[in-house]
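K.L.:
Following is a predicted model, sequence given first.
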Amino acid sequence: MKQYSHAWLAFMAIKRLEDAELAKADEAYAASLIKWFKDYKDGVIQGAWYPDMIIKDMATSHVLKFTPVKDGSKGSFKKLPDTYFLCRHCKNSPLKNCSYTVDKDNNLTDRCESIAHSVVDNLKMQTSEEKGSPIAPNNNHIATILFMLSHYVADAHVPFHCDSRRFSEGKNIHGKLEDVWDDEIKKYFLLDKSNERFFYNPQGYPLLDKGKETLYKDSFLKKVEENLSKRDFSDSFGTDNKNVWDFMSAICQHSYLLSYMFIPEGNDHTNVTTANWKTLGAISLEDLSIAVLCDAIDSIAKVYFRIWRRYKKWEK
């Protein structure tokens, strides 16, 4: 994804937590996370872009690429929460009946798990050190790590990040897909580019351009909001997914399936064109966009919330 998409998703994940009906025991954890995030929200656009701008581990840590193997063996796929569009759209994918290989140099799932631990570790170190300690991480540092985490979690939802076909080559369909999302966010939400942040509404979230509210009603971003408002939120990673690594593995497996639903087998960077890339598969570009963005928002919210709760329970 591109810069503003990553930042917008992080904000929407926090809004998702703020709007959610949580168990009574979890409300305080969510409230403290929401307040903490909003205190450091000016750094989201920069922090969520650090993995691309500074770290630059795109070839290995932003991807987990699958290749189908048609040898008669059945693939093994982890489960996702039933509410996920990835789960619904990929339920009948023919590739679920096929085994696969995974690029050995890719480590997106490991990266997500390690950064999740790093957030908690840094919070613990900060709490344990006396005020003014030169080795204690400060809140801006920890916030940057948290914003970076959302980048990697979001990338797991991008179909082409989990598909070994080379869609960054040829007509760069990979880039064009991500431009669709970023351009839509830039079109409707007001940006304070000189300070590298969004302008905010009274609730502290990206401010919608009032002059475009009528047009926004037909945007897939509005449909993302509407779908999420009708979807129950829970902190579940899905049956048998015990940690961030398991959860991201399940996401990547289903993103791979979604990629082949959008651009079916028999197509790759050599024959997909700027004229046909949006209409080749069994799922439309709009439905794909809604699925990717809705599920990414929920996933970031779940990961943020669970690691924050883990720290808060330790703190007690």
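P.N.:
Nice, thanks for sending it over.
K.L.:
can we go C-alpha only for contacts and neighbour counts from here?
P.N.:
Will do.
K.L.:
Just the helices from this structure, written as ranges.
P.N.:
Assigned by DSSP state H, the chain shows helices spanning 3-19, 24-39, 44-47, 50, 58-61, 85-89, 108-128, 139-155, 173-188, 213-216, 220-229, 244-262, 285-315.
K.L.:
Save those as JSON lines, and put in distance to residue 161 and mean neighbour count too.
P.N.:
Below are the helices of the chain laid out as JSON lines (distance: least, Cα to Cα, whole Å; neighbours: other Cα atoms under 10 Å):
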{"stretch": "helix 3-19", "distance to residue 161": "15", "mean neighbour count": "22"}
{"stretch": "helix 24-39", "distance to residue 161": "27", "mean neighbour count": "15"}
{"stretch": "helix 44-47", "distance to residue 161": "21", "mean neighbour count": "24"}
{"stretch": "helix 50", "distance to residue 161": "18", "mean neighbour count": "18"}
{"stretch": "helix 58-61", "distance to residue 161": "10", "mean neighbour count": "16"}
{"stretch": "helix 85-89", "distance to residue 161": "14", "mean neighbour count": "20"}
{"stretch": "helix 108-128", "distance to residue 161": "9", "mean neighbour count": "19"}
{"stretch": "helix 139-155", "distance to residue 161": "7", "mean neighbour count": "23"}
{"stretch": "helix 173-188", "distance to residue 161": "9", "mean neighbour count": "17"}
{"stretch": "helix 213-216", "distance to residue 161": "28", "mean neighbour count": "12"}
{"stretch": "helix 220-229", "distance to residue 161": "21", "mean neighbour count": "16"}
{"stretch": "helix 244-262", "distance to residue 161": "8", "mean neighbour count": "25"}
{"stretch": "helix 285-315", "distance to residue 161": "12", "mean neighbour count": "20"}
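K.L.:
Tell me which of these lies nearest to residue 196.
P.N.:
With Cα to Cα as the criterion, residue 196 lies closest to helix 44-47 of those, at 6.4 Å.
K.L.:
How about residue 168, nearest residue that isn't a chain neighbour?
P.N.:
Closest residue in space to residue 168, ignoring its immediate chain neighbours: residue 174 at 5.1 Å, by Cα to Cα, 6 or more residues apart in numbering.
K.L.:
Relative to residue 266, how far out is that neighbour?
P.N.:
For residue 174, the distance to residue 266 (Cα to Cα, to the nearest Å) stands at 17 Å.
K.L.:
Does residue 73 touch residue 100 like I think?
P.N.:
No - applying Cα atoms under 8 Å as the test, residue 73 and residue 100 come out as separate, 9.1 Å apart.
K.L.:
Which one of the two is surrounded by more residues?
P.N.:
Neighbours per residue, other Cα atoms under 10 Å: of residue 73 and residue 100, the larger number sits with residue 100, 20 against 11.
K.L.:
Check the more buried one and give its pLDDT.
P.N.:
Note on residue 100: pLDDT of 97.
K.L.:
residue contacts, it?
P.N.:
Listed by Cα atoms under 8 Å, 6 or more residues apart in numbering, the contact set of residue 100 reads 66-69, 75.
K.L.:
Since that was my last question, I'll sign off now.
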